[in-house]
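Student: 3D model of this:
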Amino acid sequence: MSRCSVRLQQQIPSQHAQVFPVTLNNRDSHGVRYLFMTVFFLAILCLSFILPAAFANTADSENPNTRVFDEGFPATYTAGDKRVAPYGARLFSGKFQAQRDSGFNPAYIISAGDKIQLRIWGLMSANEVVTVDASGRIYIPEIGAVKVAGTATKDLRSVVKKKIKTVYDSGVDVYVSILTATPVSVFVTGPVNRPGQYSGLPSDSVLAYLTQAGGIHHQQGSFRKIRILRNNQTIAQVDLYQFLRYGKLPTLRFRDGDTILVEPQGATVTVRGDAKNLARFEFRGKSANGQELIQYARPGESVTNIAVSGTRNQQPWSVYLPRQRFASTRLYDGDSVRFVSDAQAKNIDITIEGSHLGNSYYAVKKGTRLQELLDYVAVDPTDADIRNVYIKRKKIAVQQRKNLQKALHRLERTVLTAPAQSDGEASIRAREAGLVLQFIKNAKQVKPEGRVVVSDGRTVNNIRLEDGDVVVIPQQSDVVTIDGEVQIPQAVVYADNATVRDYIAHAGGFTDRADHERIVLVRPNGQVRMGGRQRVKAGDQILVFPRVDSKNLQFAKDFTQIIYQIALGARVFSN
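Tutor: Residues are numbered from 1 along each chain as shown. Below you'll find the predicted structure:
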């Protein structure tokens with residue numbers, strides 16, 4: 001197998017290569033009979049032949065060797081946007097329940113009311129369930145009272161055995177086990193979703209009680225100022241940001257009547273842009289500096305600038321700062337912060353797909369043209385169709401999908417507002433609308449690939465590459481595919497003396513719904529030729545489109561336009 005690079009005769013126009021959409025001339029169809037049956041068969045056709053092929057592009061996007069672009073839009077917020085979830089909201093998004101079975105935590109601290117299984121054998125014996133009294137003691141026959149309150153479960157046996165040894169130096173062994181723990185009732189109040197009184201273990205964490213109360217209210221409650229009250233005195237303060245960032249929670253044991261008080265939410269800022277944590281962050285005070293926000297928002301390493309907007313002195317205010325200055329900038333309630341990677345990249349990433357040898361990804365200098373890249377791409381000349389190279393471009397795919405969505409919206413509006421002159425016609429219109437709306441629903445899932453045709457089968461235009469471009473080198477083919485309104489859609493071996501009509505005859509001829517004049521020839525590079533008199537080449541695809549009849553001329557135009565956009569992938573051509 002010989003190894004060569006892709007190199008064709010360069011065709012560099014006097015001006016930069018331009019990309020423009022193809023305009024298809026739709027012949028207005030006349031004749032108004034059997035509208036319902038026509039639309040029914042047309043919808044079945046589109047669902048059976050055209051849409052599956054379009055959906056195949058979606059399936060290809062899951063293939064790591066194929067990249068099909070989808071439309072994406074960045075999230076937008078306004079300053080102080082309360083719809084954004086606060087940092088830490090996921091703490092209460094699932095179910096949490098403290099452990100309450102017989103397998104107690106070894107660190108559980110025994111308190112009054114706990115029940116303990118006590119077994120003693122040897123020189124003396126006992127098998128009793130004892131309860132820790134109000135003074136924190138249990139009574140052991142022949143031994144006396146033993147203080148166990150405040151003792152960890154893992155240390156209980158040694159405490160009891162030590163007491164027994166004061167009477168029996170040896171010959172006595174002991175086994176102890178916690179059977180039940182005494183629950184406590186704790187009040188949870190403040191801006192929580194279900195304030196009230198809740199039961200739990202003394203060793204349960206503050207998170208367990210907050211979860212029972214439905215979590216902190218996202219718009220009103222503070223995640224940073226939570227107080228634990230006992231006899232109206234604050235015994236502990238909780239900052240859940242410290243738990244989320246460092247795993248820190250105060251160690252305390254709850255008692256009957258304790259109160260967990262969530263204070264009102266303090267000053268907040270909304271974070272968006274290039275950061276790992278996009279949320280609404282709260283300050284402990286009325287303001288904070290940028291460094292504190294960076295600590296929790298964790299912006300990307302590529303962030304160079306920060307845009308801050310809000311109000312100062314009751315006037316709109318905004319500033320655009322480098323990262324170093326932002327660290328010392330004061331932020332106030334309602335501010336919106338956006339982390340931006342504003343450094344100009346010197347290189348762009350290009351992907352190579354199809355029939356090629358070697359690397360699939362290239363980092364090239366900004367401004368590199370297609371021919372300059374292809375000089376470094378090795379191919380097998382017996383396998384690669386180097387004269388039909390094309391590009392898939394993300395920006396074009398986004399625009400194509402917008403155009404398709406607009407056309408679908410226009411068609412939907414036309415169908416739903418079509419007038420009816422009689423009850424019978426209204427019934428037909430209703431059934432027609434149902435079929436067309438189902439077609440529209442499926443068509444909205446189509447994802448154009450953003451194909452830019454850069455070759456004409458002989459030369460390749462030397463256009464400028466953009467970041468994220470996918471350069472596709474098709475594989476050589478010896479077949480011609482016939483699809484659409486033919487009796488038996490199939491692929492047949494290429495014959496150099498066969499015409500378009502000959503290939504259609506190989507596929508069983510036209511169906512009753514076919515438009516004999518609306519025949520499209522699609523080249524391997526995506527180039528489109530209209531009409532049945534075009535010369536067929538190996539690898540071409542012949543598409544026969546259906547005949548669209550409607551009383552509403554605009555309806556027919558919209559439907560035809562959408563079918564073309566779906567079937568042809570909204571191809572874009574380079575002159």
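Student: can we go C-alpha only for contacts and neighbour counts from here?
Tutor: OK.
Student: does Arg501 belong to a helix or a strand, and which?
Tutor: helix 500-506 (DSSP states H and E).
Student: tell me what that helix is packed against?
Tutor: The helices and strands touching helix 500-506, judged by 3 or more C-alpha pairs under 8 Å, 6 or more residues apart in numbering; DSSP states H and E, number zero.
Student: in that helix, what counts as buried?
Tutor: Neighbour counts using 16 or more other C-alpha atoms under 10 Å place 500-501, 503-504, 506 of helix 500-506 among the buried residues.
Student: distance between the helix or strand just after that helix and the chain's centre?
Tutor: Following helix 500-506 in sequence order, the next helix or strand is strand 514-522 (DSSP H and E). Between the centre of strand 514-522 and the centre of its host chain there is 40 Å, according to C-alpha atoms, centre = their mean, to the nearest Å.
Student: go on, stretch 525-535?
Tutor: Computed by C-alpha atoms, centre = their mean, the chain-centroid distance of stretch 525-535 equals 39 Å.
Student: which residues does that stretch contact?
Tutor: 388-390, 451, 453-456, 474, 499-501, 517-522, 571, 573 (C-alpha atoms under 8 Å, 6 or more residues apart in numbering).
Student: how about stretch 216-233?
Tutor: Residues outside stretch 216-233 that contact it (C-alpha under 8 Å, 6+ apart): 82, 85-86, 88-89, 92, 190-193, 210, 234-241, 257-266, 282-284.
Student: what do you get for stretch 142-162?
Tutor: Contacts for stretch 142-162 (C-alpha under 8 Å, 6+ apart): 104-112, 132, 136-140, 163-164, 167, 173-176, 178.
Student: quick one: the strands in the stretch 301-450 of the chain?
Tutor: 305-312, 315-322, 330-332, 336-340, 347-354, 361-365, 378-379, 390-392 (DSSP state E, counting those that start in this stretch).
Student: of these, which is nearest Gly200?
Tutor: strand 330-332 (38.6 Å; C-alpha to C-alpha).
Student: partner strands of that closest one, with direction?
Tutor: Applying DSSP bridges to the sheet, strand 330-332 is found paired with strand 287-289 (antiparallel).
Student: okay, the next helix or strand after the strand it pairs with in PDB with CA atoms only?
Tutor: Sequence-wise, the next helix or strand downstream of strand 287-289 (DSSP H and E) is helix 290-297. What follows is helix 290-297, C-alpha atoms only, in PDB (Å, rounded to 0.1, in the frame of the first residue of the first chain):
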ATOM      1  CA  GLY A 290     -13.500  37.900  44.800                       C
ATOM      2  CA  GLN A 291     -11.000  35.500  46.200                       C
ATOM      3  CA  GLU A 292     -13.600  34.000  48.500                       C
ATOM      4  CA  LEU A 293     -15.900  33.400  45.600                       C
ATOM      5  CA  ILE A 294     -13.100  31.800  43.600                       C
ATOM      6  CA  GLN A 295     -12.500  29.400  46.400                       C
ATOM      7  CA  TYR A 296     -16.100  28.000  46.100                       C
ATOM      8  CA  ALA A 297     -16.900  28.600  42.400                       C
END
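Student: from the chain's centroid, how far away is helix 290-297?
Tutor: 25 Å.
Student: a markdown table please, covering the strands of the stretch 301-450 of the chain and showing distance to Gln405, mean neighbour count and mean pLDDT.
Tutor: A markdown table is the format used below for the strands of the stretch 301-450 of the chain (distance: least, C-alpha to C-alpha, whole Å; neighbours: other C-alpha atoms under 10 Å; pLDDT from 0 to 100):
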| stretch | distance to Gln405 | mean neighbour count | mean pLDDT |
| --- | --- | --- | --- |
| strand 305-312 | 33 | 19 | 94 |
| strand 315-322 | 35 | 12 | 93 |
| strand 330-332 | 41 | 18 | 95 |
| strand 336-340 | 30 | 23 | 95 |
| strand 347-354 | 28 | 18 | 90 |
| strand 361-365 | 32 | 14 | 90 |
| strand 378-379 | 38 | 21 | 89 |
| strand 390-392 | 20 | 25 | 91 |
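Student: now the ones you listed as JSON lines including distance to Ile463?
Tutor: Supplementary listing: those in JSON lines, determined by distance: least, C-alpha to C-alpha, whole Å:
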{"stretch": "strand 305-312", "distance to Ile463": "32"}
{"stretch": "strand 315-322", "distance to Ile463": "35"}
{"stretch": "strand 330-332", "distance to Ile463": "46"}
{"stretch": "strand 336-340", "distance to Ile463": "30"}
{"stretch": "strand 347-354", "distance to Ile463": "14"}
{"stretch": "strand 361-365", "distance to Ile463": "14"}
{"stretch": "strand 378-379", "distance to Ile463": "20"}
{"stretch": "strand 390-392", "distance to Ile463": "10"}
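Student: nothing else from me, thank you.
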